[in-house]
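1. I'll drop the sequence and a predicted model, then ask my questions.
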Amino acid sequence: YQQLTLNLGDYSKMEKIIKSLSSEVEILHMTPRSDTPFERSGIGRISRHHEFVLEQGFVVLGHSHVIVLEEDLVVSPDFFAYFIQTSRLLDADPTLWCICAWNDNGIRTIAKDQKKLFRSDYFSGLGWLINSAEWDRIRGKWPSAPSTGWDHWMRLSTTHNNRECVMPEVSRTKHIGDVGVNVKSNNIYSKWAFSDLEASPNSLDDLGYLIEDEYERYIEDLVRSAYSSNTLELYTLETYKSLAARYSLWINQPRATHRGLIVVRKSGGSDQYVVLADRRKAYKYLRAEDQVLPKEGVRTVTGEAGESCTMVCTRLGLNCDASEIQFLNTCEAMLLAFPCEKGCGHQMGYEIPSYVIDSNERTYQQCLIADEVLSTCDANHKITRRLCACR
């Protein structure tokens, strides 16, 4: 192993402490590319530093794998053993692209099996690993101005190509920072379970169940069992927050998902899992009467600059259907409708999904989607063109 610590600025005290702990640590310093407002912003600096350290680790130093760990995280005793054992899955299964140490739904009351792992299409970060092949694939399209942060960009389907990450039921990192670009208090993170497994070369046993075909059989069996045991909870994005509150899950948007499914234990450390199923995204696992599919006769229409979907549909003698816009809130749908010259991006706004047309905006020519804000028919923005559902 070569341990690389990336210095985000003039933190001489931090460097002194690091050097006192190990003589094997190399501290890297990044020179900013420019002095633009975005480059000086917290989001901009963090994005640049992640790109820089990945480029250094893989391209300059030639390592096969890199673990990214932020300075406000404490690691579990088996942190490195966890990554050693799981990293082999990236070579065994091309539908996997990363390994994460953190479970966004790993609350103490519903997470207890320290050896249990899952697959998720939601990149959680907070301690993660990729291999050199993955960096070769994404380094050329690392965003110059990620709209809401590098991590949101990593979660886009156009970044991960609808592949998944491995994550533990019980997290291998613990968040301790009180102040940061996106963190104002550590109180929320105090609820998470934290592994105390001792490091061992085979502590996680056989991981073959995480290979795609095996995992799909496991998930299909789990859904069937949830139907028969009344432990299946159906939701849509419109109803998610009330369901999340009942299970103490992340409230803003569904996280730790697998193709529209969230698997958590019943509270109190139960051995029984509950399956939360998005009626739109998890339709392939659900009975026909529980699926929410696109309605027949809906037209996908692009608006002009500053138009709301109500205006767009009315102009065609049709009505806007806000619930159908949810099916258009994907990078794939946007790429079919707009040029998206600067790729897909994440943003929050009631007029999303939309395409940015103002060259003065750092998101110019990006196609924006959202994962926590519900689109409305009446919303509009002067710098974007909307993608609308009309009936």
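-> Arrived safely, thanks for sending.
2. report pLDDT for residue 274.
-> At residue 274, the model reports a pLDDT of 96.
3. quick check: it is in a strand.
-> Yes. Secondary structure of residue 274 (DSSP: H, G, I helix; E, B strand; the rest coil): part of a strand.
4. beta partners of it?
-> residue 264 (DSSP bridges).
5. excluding sequence neighbours, find me the nearest residue to residue 212.
-> Closest residue in space to residue 212, ignoring its immediate chain neighbours: residue 95 at 4.6 Å, by C-beta to C-beta, 6 or more residues apart in numbering. The way it works is simple: take the backbone N, C-alpha and C, and place the C-beta from them, glycine included.
6. so what secondary structure elements neighbour the longest helix along the chain?
-> Across the chain, the longest stretch assigned as helix under DSSP state H is helix 212-229. If contacts are counted by 3 or more C-beta pairs under 8 Å, 6 or more residues apart in numbering; DSSP states H and E, helix 212-229 sits against strand 261-265, strand 273-278.
7. list the buried ones in the last one?
-> In this case it means strand 273-278. Under the neighbour-count criterion of 16 or more other C-beta atoms under 10 Å, strand 273-278 has 273, 274, 275, 276, 277, 278 buried.
8. distance of the first one from residue 108?
-> What it means is residue 273. Taking C-beta to C-beta, to the nearest Å as the measure, residue 273 falls 16 Å from residue 108.
9. likewise the fifth one?
-> Counting by C-beta to C-beta, the gap between residue 277 and residue 108 amounts to 24 Å.
10. next, the buried residues of the longest helix of the chain.
-> Quick answer for helix 212-229 (16+ other C-beta under 10 Å): 215, 219, 222, 223, 226.
11. now those in TSV, with distance to residue 239 and pLDDT?
-> Putting the buried residues of helix 212-229 into TSV (distance: C-beta to C-beta, whole Å; pLDDT from 0 to 100) gives the following:
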residue	distance to residue 239	pLDDT
215	27	98
219	22	98
222	21	97
223	19	98
226	18	97
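12. got TSV for the residues you listed, with distance to residue 191 too?
-> Putting the buried residues of helix 212-229 into TSV (distance: C-beta to C-beta, whole Å) gives the following:
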residue	distance to residue 191
215	27
219	26
222	25
223	27
226	25
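13. out of those, who's nearest residue 257?
-> residue 219 (11.6 Å; C-beta to C-beta).
14. ok, now which ones touch the closest one?
-> Counting by C-beta atoms under 8 Å, 6 or more residues apart in numbering, residue 219 touches 258, 261, 263, 285.
15. just checking, next helix/strand downstream of the longest helix of the chain?
-> Using DSSP states H and E, the next helix or strand after helix 212-229 towards the C-terminus is strand 232-235.
16. which elements pack onto that next one?
-> When contacts are defined as 3+ C-beta pairs under 8 Å, 6+ apart, strand 232-235 sits against strand 273-278.
17. give the residue spans of the stretch 201-350 of the chain that score low on pLDDT.
-> Filtered on pLDDT under 70, the stretch 201-350 of the chain yields the residue ranges 269.
18. residue ranges of the helices in the stretch 101-250 of the chain, please?
-> 132-138, 150-154, 157-160, 212-229, 240-247 (DSSP state H, counting those that start in this stretch).
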